[in-house]
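**Student:** Pasting the sequence and the predicted coordinates here, then a few questions.
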Amino acid sequence: MEKIEHIGIAVNDLEAANERFGKLLGQDHYKVEEVPSEGVRTSFFKTGDSKIELLEATDPEGPIARFLSRKGEGVHHIAFAVDDIEKEMERLRGEGFVLINEKPKKGADNKLVAFLHPKSSNGVLIELCQEIRK
Ligand SMILES: CC[C@H](C(=O)O)C(=O)SCCNC(=O)CCNC(=O)[C@H](O)C(C)(C)COP(=O)(O)OP(=O)(O)OC[C@H]1O[C@@H](n2cnc3c(N)ncnc32)[C@H](O)[C@@H]1OP(=O)(O)O
Ligand SMILES: [Co+2]
């Protein structure tokens with residue numbers, strides 16, 4: 001794991017949260033991107049070497065909608081940058097971690113992503129992110 005790539009925060013209203021985090025961080029978000037496969041619309045703020053990712057549900061059955069209905073707004077996941085996501089998934093499987101997705105999938109912000117089940121990591125949902133190289 002190289003560094004914290006982003007911290008994902010589930011929000012009810014992306015525009016309102018963009019405004020609030022914009023004031024908090026003293027800067028605007030640099031993108032809004034929908035990821036239909038995940039049932040989310042995301043926005044990103046650059047915070048030094050890592051980012052804040054705000055997540056609004058676009059699918060009432062999706063993971064963010066479920067999280068919001070069960071837990072309300074709040075920190076949803078921690079994402080780590082990895083150089084080789086398949087290799088890292090293999091390593092973590094070997095260490096006994098439960099991978100939610102068998103294969104990496106396309107995430108937001110030009111990344112390949114995979115998730116570990118929170119039960120493997122002390123109740124914290126962990127995301128692996130690899131930059132999609134040109
Ligand atoms: C990919 C685009 C973007 C990016 O960065 O590129 C994203 O980050 S998208 C983020 C949204 N996508 C995901 O979260 C995908 C991975 N998540 C999942 O597959 C599910 O949310 C899962 C498996 C973590 C939970 O799904 P499930 O339907 O089983 O939810 P339950 O409500 O039944 O919860 C089961 C159990 O897990 C606990 N839980 C759920 N979500 C979280 C969470 N975010 N952090 C910690 N714990 C979580 C929940 O409390 C239940 O625990 P229990 O003890 O059984 O009550
Ligand atoms: Co994320």
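**Tutor:** Perfect, thanks for sending it. If you're wondering where the values come from, they're calculated on a predicted model, not measured in any experiment. Numbers count the residues shown, from 1 in each chain. Ligands and ions are numbered 1, 2, ... in the order given.

**Student:** isn't there a strand covering Ile78?
**Tutor:** Yes - Ile78: assigned to a strand according to DSSP: H, G, I helix; E, B strand; the rest coil.

**Student:** Show me what it is bridged to.
**Tutor:** Note on Ile78: beta-bridge partners by DSSP bridges are Ile7, Ile126.

**Student:** Surely it is in contact with Lys3?
**Tutor:** No - judged on C-beta atoms under 8 Å, Ile78 makes no contact with Lys3 at a distance of 11.1 Å. C-beta: built from backbone N, CA, C; applies to glycine.

**Student:** quick one: which of these two has more around it?
**Tutor:** Ile78 (16 against 11; other C-beta atoms under 10 Å).

**Student:** Next, the contact list for that one, please.
**Tutor:** Contact partners of Ile78, counting by C-beta atoms under 8 Å, 6 or more residues apart in numbering, are Ile4, Ile7, Gly8, Val124, Leu125, Ile126, Glu127.

**Student:** Model confidence for the second one, exactly?
**Tutor:** Per-residue pLDDT puts Ile7 at 98.

**Student:** What's the separation between whatever residue of the chain ends up closest to ligand 2 and Ile52?
**Tutor:** Closest contact between the chain and ligand 2, by C-beta to the ion, is at Gly8 (4.1 Å). For Gly8, the distance to Ile52 (C-beta to C-beta, to the nearest Å) stands at 8 Å.
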